[in-house]
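Visitor: Sequence and predicted structure below; questions after.
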Amino acid sequence: MLPTSSPAAPSPLTETLAKIPTGRAVWAIVLGIMSFFVAQVLVMVPLTPVLATNEYLGLLLATILYNVLVIASVWAIIRFLLKGSPRTYGLGGPVLTPLWAVAAFVVPLACIGLITLVTPGSWQAPGTSWEPVDTVVGLIIYVGMFGSIVEEVVFHGLMYPLMKKWLSPWWSAVVTGVVFAVAHMTNGGWTPLSAACFMFTATAIAVYFAYVVEQSGSVWSAAWGHVVWNLVLNVTSIAAAPSDRALLNYVVTDDNPLLTGGDGGFGDSLISAVVVLACAGLVMWRGRRREDRVPAV
């Protein structure tokens, strides 16, 4: 008699989501997004005097307190409102494998490489306005870590898993990505074209990070990728004139913002959106291959 294969056992997250009432899941998402905004006010307002007297100390304290406050809020939402374990949502102890550590650099550099390949221009010398304290505190700590980590915790450690209660991983990633993009558009000055381009590119980036979480099983892999993305974005200039504060200076002969990203940097380029969606596809394909190799029981 031929052995029969049994269906794959549901994941711990699937079992957890099945037990969460819809209303409670919706409230958890709302509270998580609120913590993302409210924590900024709770941190920045008291630190205003510190920022006025010692900007670097203020930025350092703001980064630490903001991350602690938001991560603690999401942990509390999962533990007390959803009655679950943060580990089930990919928020266990920080885990970063060599694959995702390297991919964090490969993805933004691939975007830059393709943009410079299709956009006429030339590489110029790095900028010279680099101060050690400004580089460490202003760039690496504040720019790299102030929002990147908490965004992944809120959107891909809380919202994305909960969206899978109702939607497939792909549509959960897309919906989460759209909300992620909208959350970045609270400031004004958007034209219809720039808003549409940003929505598309930011959603694409968020979809990629969702699949990093899906395949790595850890939000911290995506958080590391997000930190590196923001760092590379802020040391790269692809524009009609060189930047004195850019480590990577590429001067284009025709600055088409759809290709270069314009004032938003290469992250707002439609080329970057295509690259990160292709990377998301590769991550998805890798995950399916791993599933296919699992022997049936």
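Guide: Structure's in. What do you need? Numbering: from 1, shown residues only.
Visitor: Point to the helix or strand of this protein where mean pLDDT is at its lowest.
Guide: When each helix and strand of the chain is scored by mean pLDDT, DSSP states H and E, helix 132-133 comes last, with a mean of 70.
Visitor: Mind checking what helix or strand follows it in sequence?
Guide: Toward the C-terminus, helix 132-133 is succeeded by helix 144-145 as the next helix or strand (DSSP states H and E).
Visitor: What average pLDDT does that next one get?
Guide: The predicted model gives helix 144-145 an average pLDDT of 88.
Visitor: got any ranges where the stretch 1-150 of the chain has weak pLDDT?
Guide: Counting by pLDDT under 70, the ranges of the stretch 1-150 of the chain that qualify are 1-9.
Visitor: In it, mark out all the strands, start to finish.
Guide: Secondary structure of the stretch 1-150 of the chain by DSSP state E, counting those that start in this stretch: the strands cover 121-124.
Visitor: That one: helices as residue ranges?
Guide: Under the criterion DSSP state H, counting those that start in this stretch, the stretch 1-150 of the chain carries helices at the ranges 12-19, 22-44, 48-53, 55-76, 98-118, 132-133, 144-145, 148-151.
Visitor: Looking at the ones you listed, spot the one closest to residue 159.
Guide: Closest of the helices of the stretch 1-150 of the chain to residue 159 is helix 22-44, at 5.1 Å (criterion: CB to CB). Any C-beta I mention is one placed from the backbone N, CA and C, and that applies to glycine too.
Visitor: Name the residues that touch the closest one?
Guide: The contact list for helix 22-44 (CB atoms under 8 Å, 6 or more residues apart in numbering) reads 17, 51, 62, 65-66, 69-70, 73-74, 77-78, 81-82, 150-151, 154, 158-159, 162-163, 165, 179, 183.
Visitor: Now with 6 Å, please.
Guide: Judged by CB atoms under 6 Å, 6 or more residues apart in numbering, the contacts made with helix 22-44 from elsewhere in the structure are 62, 65-66, 69-70, 73-74, 77, 81-82, 154, 158-159, 162, 165.
Visitor: buried residues in that helix?
Guide: For helix 22-44, the neighbour count (16 or more other CB atoms under 10 Å) marks 25, 28, 29, 31, 32, 33, 35, 36, 39, 40, 43 as buried.
Visitor: tally of neighbours for the residue lying closest to residue 134 once chain neighbours are set aside?
Guide: In space, residue 134 comes closest to residue 56 once its chain neighbours are excluded; the distance is 7.7 Å by CB to CB, 6 or more residues apart in numbering. A count of neighbours around residue 56, defined by other CB atoms under 10 Å, yields 16.
Visitor: gap between residue 56 and residue 129?
Guide: Residue 56 sits 16 Å away from residue 129, going by CB to CB, to the nearest Å.
Visitor: Residue 172 too?
Guide: From residue 172 over to residue 129 the distance is 42 Å, taken as CB to CB.
Visitor: Just want to know which of those two has more residues nearby.
Guide: For residue 172 versus residue 129, neighbours defined as other CB under 10 Å are more numerous around residue 172 (22 against 9).
Visitor: which SS state does the more buried one fall under?
Guide: Remark: residue 172 carries the secondary structure label helix [criterion: DSSP: H, G, I helix; E, B strand; the rest coil].
Visitor: Let me know whether it touches residue 163 as I believe.
Guide: Yes: under the criterion of CB atoms under 6 Å, residue 172 lies in contact with residue 163, with a separation of 3.7 Å.
Visitor: In terms of helices and strands, where is the most centrally placed residue in the chain?
Guide: Here the mean C-alpha position of the chain is nearest to the C-alpha of residue 226 (CA atoms, centre = their mean), at a distance of 4.4 Å. Element membership for residue 226, per DSSP H and E: helix 219-234.
Visitor: Please name every helix or strand in contact with that helix.
Guide: Using 3 or more CB pairs under 6 Å, 6 or more residues apart in numbering; DSSP states H and E as the contact test, the elements touching helix 219-234 are helix 98-118, helix 144-145, helix 148-151, helix 192-216.
Visitor: same thing but at 10 Å, please
Guide: With contacts defined as 3 or more CB pairs under 10 Å, 6 or more residues apart in numbering; DSSP states H and E, the packing partners of helix 219-234 are helix 55-76, helix 98-118, helix 144-145, helix 148-151, helix 160-163, helix 192-216, helix 270-293.
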